[in-house]
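Trainee: Quick one, what's the 3D model for this:
(one chain, ligands or ions: 1)
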Amino acid sequence: MEELSRIVLITGASRGIGRSIALRLAKSGHKIAINYNSHEEDANNVLNEIRNLGSDGIIIKADVSKLDEVKNMINEVEEKLGSIEILYNNAGIISDSLLMRMKPEDFDKVVDTNLKGTFYCTKLCINNMIKKRWGRIINISSVVGLRGNIGQSNYSASKAGIHSFTKSVAKEVATRNITANVIAPGYVSTATTDVLSEKVKKEVMSWIPMQRFGEPEEISPIAAFLSREEARYITGEIIRVDGGMAI
Ligand code: NDP
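Mentor: Got it, this is the predicted structure:
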């Protein structure tokens, strides 16, 4: 099926999984807004890579946990590229510790970035999607949002929140040709997992039937598929890409 060129926003696309999604979509000729928070040079490199693959876009700095910054970001994308048709809520952080040591600010910053950021971006894109009667919302959560994890009560709560948020949005906009889905990755080799000690990595490996971490390039194909016209009857779904970890 021939795909139209679309306007795309990917949050947290300067590195890791977001970068891989941007590169995968670049082959479709979309116009891609690459959001970043602190790594401008990395975001610029992604934009150059997209251009080399035959697409175009812009880079855009915004902290998704701050409503004002999200508003400015969406306005700028709309002015420069047009109204957003495909939204990837990918930006996410961790701040791990056992509950008894977890500070309220560590809980807040993870929930504010992962869950509230997803809420802000989706809320500010949805009106134009409804007007156009077409849209794709793809939220990146984690298997930890399905099964919990020691030391990640804040992160797992934020990701589980994304699951029910997405299902509710999917129901609200289903008649408008807008789908909302979740991809729940397992452990993927990125800056997030690079910081794990060898001891922790070994333990994590024992939970994964495939006995290896995934690569960003193993997440981006399904992320790209969900944005396509032919994925129009899939909504409210949570798709694990985790080497079997949450079986
Ligand atoms: P990385 O740490 O490699 O990259 C995170 C990206 O998010 C960066 O582009 C970063 O921008 C951006 N970001 C962080 N905070 C903000 C913010 N407040 N506002 C805007 N952008 C922000 O992460 P991954 O690629 O590993 O993770 C991507 C998503 O996948 C996250 O939601 C994560 O929870 C999820 N995930 C990852 C797994 C893994 O094992 N790696 C497993 C399961 C889920 P910058 O660098 O410019 O600050």
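
Trainee: Might you enumerate the residues of the chain proximal to the ligand?
Mentor: With Cβ under 6 Å from any ligand atom as the criterion, the chain meets the ligand at residues 11-18, 35-39, 63-65, 90-93, 113, 140, 142, 185, 187-188, 190-193. Bear in mind the C-beta positions are built from the backbone N, C-alpha and C, glycine included.

Trainee: so of those, which ones are in strands?
Mentor: Counting by DSSP state E, the residues of the chain next to the ligand place 35-36, 140, 185 in strands.

Trainee: remind me which residues of this protein are low pLDDT?
Mentor: Of all residues in the chain, those with pLDDT under 70 make up the ranges 1.

Trainee: can you map out the strands along it?
Mentor: 7-10, 31-36, 56-61, 86-89, 135-140, 178-185, 238-241.

Trainee: Next, format those as TSV and append mean neighbour count.
Mentor: As requested, the strands of the chain are arranged in TSV below (neighbours: other Cβ atoms under 10 Å):
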stretch	mean neighbour count
strand 7-10	26
strand 31-36	26
strand 56-61	19
strand 86-89	28
strand 135-140	26
strand 178-185	25
strand 238-241	19
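
Trainee: who wins for proximity to Tyr120 among the ones you listed?
Mentor: The minimum distance between Tyr120 and the strands of the chain falls on strand 86-89, with 9.3 Å, by Cβ to Cβ.

Trainee: Check the gap between the residue nearest to the spatial centre of the chain and Arg15 for me.
Mentor: Taking Cα atoms, centre = their mean, the centroid of the chain lies closest to Asn90, which sits 1.8 Å from it. Applying Cβ to Cβ, to the nearest Å, the value for Asn90 to Arg15 is 10 Å.

Trainee: Asn75 now?
Mentor: Asn75 is 25 Å from Arg15, by Cβ to Cβ.

Trainee: more crowded one of these two?
Mentor: Arg15 (18 against 11; other Cβ atoms under 10 Å).

Trainee: The more buried one: what's it in contact with?
Mentor: For Arg15, the contact set (Cβ atoms under 8 Å, 6 or more residues apart in numbering) comprises 39, 42, 190-191.

Trainee: same thing but 10 Å
Mentor: Arg15 makes contacts with 36, 39, 42-43, 45-46, 190-192, 216, as judged by Cβ atoms under 10 Å, 6 or more residues apart in numbering.
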